[in-house]
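1. what's the 3D shape of this:
(one chain, ligands or ions: 1)
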Amino acid sequence: MSAIEAAKKLAATKAVAENFHPEYRYIGIGSGTTIVYVVEAIKDLGIPTDQMSFVPTGYQSRQLIIKAGFKPLTFDSIPPDTLLDVCFDGADEVDEELNCIKGGGACLHQEKLVATHSKKFVCVADYRKLQRRLLTEWKTIPIEVEPLAINSVVAQLINELGSLGPRVRDGTQDKAGPAKTDQGNFIVDAPFAPLLLASDVAAQGSGFIQGKTGWEVTALATRIKCIEGVLSVGIFSGENGEHALARGIKMGGQKPSVVYFGMADGSVTVKRASGVL
Ligand SMILES: O=C(CO)[C@H](O)[C@H](O)COP(=O)(O)O
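-> Modelled structure (predicted):
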């Protein structure tokens with residue numbers, strides 16, 4: 001096993017040991033390569049799961065749940081007003097304030113649905129994903145776009161928001177044309193300069209900033225989401241589910257409450273959200 005795979009597995013094992021409880025009934029399962037180790041770790045706990053439902057974030061995730069012998073539940077079958085007890089997912093990059101870029105595997109829309117309906121989002125990643133700001137090593141924001149609107153969305157990303165060379169993601173080698181999401185949409189990967197943290201903006205004493213100093217994370221996510229034809233933006237920012245609940249808001253927290261990073265030296269670095277927990 002490579003150092004990176006070993007790091008993912010270590011982080012997944014610790015994240016599950018500390019955040020998976022026998023009384024849980026609804027568990028979200030994300031997408032990607034790291035989540036495979038999370039599902040393995042849940043299985044290895046040996047806790048009975050017959051009273052539990054596992055909510056996938058796409059085709060790959062559903063297959064993982066089924067293969068592990070867990071009961072899958074589609075997002076639209078969750079009982080009304082019910083929050084998931086926890087969701088586990090990976091990330092492409094995580095900044096100091098636990099904002100994330102997601103969507104490297106084109107599953108951002110369902111991942112956001114699940115994250116925003118979970119009491120707690122537990123993120124699992126390897127050391128490459130840990131950065132002070134988003135778009136440091138991972139250079140683009142994945143955006144899910146309705147195919148008919150693809151040209152107009154790309155034009156607005158360039159002309160109105162200053163993205164330098166957004167590209168429609170290609171499909172597999174075996175199929176000509178753009179990649180399609182589980183919803184049948186396209187993905188635009190939009191490059192921007194590294195994003196400012198909310199604390200950077202507060203320190204400069206101004207509102208949202210765009211231009212020479214770059215975009216603040218949530219300001220850019222909000223602007224992109226407002227473009228007609230955009231279904232979902234691969235920036236998970238703002239509040240986390242636990243903070244939202246503490247304020248009496250049931251749904252909508254996007255950020256992880258905690259991130260487990262598997263490190264190159266075999267340790268696991270745990271970053272928790274600050275504030276009211
Ligand atoms: O957002 C995602 C898929 O849309 C994944 O969570 C993200 O790409 C991380 O993947 P990996 O665990 O393979 O590094």
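
2. Only C-alpha atoms from now on, for both contacts and neighbour counts.
-> Noted.

3. counting residues per helix, which one in the chain is longest?
-> helix 3-19 (DSSP state H).

4. For it, give me every contacting residue.
-> In this structure, residues lying in contact with helix 3-19 by Cα atoms under 8 Å, 6 or more residues apart in numbering are 34-35, 37-38, 41-42, 45, 86, 122, 124-127, 260-264, 266-268.

5. And the ligand, is that helix touching that?
-> No - when contact is scored as Cα under 6 Å from any ligand atom, no part of helix 3-19 falls within range of the ligand; the minimum is 7.9 Å.

6. tell me the mean pLDDT over that helix?
-> Taken as a whole, helix 3-19 has a mean pLDDT of 97.

7. Alpha carbons of that helix, as CSV, please.
-> Extracted as CSV, the C-alpha positions of helix 3-19 are listed here (Å, rounded to 0.1, in the frame of the first residue of the first chain):
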residue,chain,number,x,y,z
ALA,A,3,2.0,6.1,1.7
ILE,A,4,-1.0,8.1,0.5
GLU,A,5,-3.4,5.1,0.7
ALA,A,6,-2.0,4.2,4.1
ALA,A,7,-2.7,7.8,5.3
LYS,A,8,-6.3,7.6,4.0
LYS,A,9,-6.9,4.3,5.8
LEU,A,10,-5.4,5.5,9.1
ALA,A,11,-7.5,8.7,9.1
ALA,A,12,-10.6,6.7,8.2
THR,A,13,-10.1,4.2,11.0
LYS,A,14,-9.7,7.0,13.6
ALA,A,15,-12.6,9.0,12.2
VAL,A,16,-15.0,6.0,12.4
ALA,A,17,-13.7,4.9,15.9
GLU,A,18,-14.5,8.4,17.2
ASN,A,19,-17.7,9.3,15.3
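
8. Give me the helices and strands touching the helix or strand just after it, please.
-> Note on helix 3-19: by DSSP states H and E, the next helix or strand toward the C-terminus is strand 26-29. Packed against strand 26-29, as judged by 3 or more Cα pairs under 8 Å, 6 or more residues apart in numbering; DSSP states H and E, are the following elements: strand 53-56, strand 86-89.

9. what does the stretch 51-200 of the chain put close to the ligand?
-> 89-92, 102-108.

10. picking that back up, ranking the helices and strands packed on strand 26-29 by burial, who's on top?
-> Among the helices and strands packed on strand 26-29, the stretch with the highest mean neighbour count (mean count of other Cα atoms under 10 Å) is strand 86-89, at a mean of 26.

11. still on that earlier bit, tell me which of the residues of the stretch 51-200 of the chain next to the ligand fall in strands.
-> With DSSP state E as the criterion, strands contain Asp89 from among these.

12. which parts of the longest helix of the chain are buried?
-> Counting neighbours by 16 or more other Cα atoms under 10 Å, one finds that the buried residues in helix 3-19 are 4, 6-16.

13. Need those residues in TSV (columns: distance to Pro142).
-> Formatted as TSV, the entries for the buried residues of helix 3-19 read as follows, by distance: Cα to Cα, whole Å:
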residue	distance to Pro142
Ile4	23
Ala6	26
Ala7	24
Lys8	22
Lys9	25
Leu10	27
Ala11	24
Ala12	24
Thr13	28
Lys14	28
Ala15	26
Val16	27
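
14. so what's Val38 up against?
-> So Val38 contacts 9, 12-13, 15-16, 88 (Cα under 8 Å, 6+ apart).

15. switch to 7 Å and redo it
-> Contact partners of Val38, counting by Cα atoms under 7 Å, 6 or more residues apart in numbering, are 12-13, 16.

16. Assess the claim that Arg132 and Glu96 are in contact.
-> Yes - taking Cα atoms under 7 Å as the contact criterion, Arg132 and Glu96 are neighbours in contact, 5.0 Å apart.

17. Just list whatever residues bridge to Asp170.
-> When bridges are assigned using DSSP bridges, the partners listed for Asp170 are Pro178.

18. quick one on the thing from earlier: out of the contacts of Val38, flag the one nearest to the ligand.
-> For the contacts of Val38, the residue nearest the ligand by Cα to the nearest ligand atom is Ala12; the value is 10.3 Å.

19. Cool, thanks, signing off.
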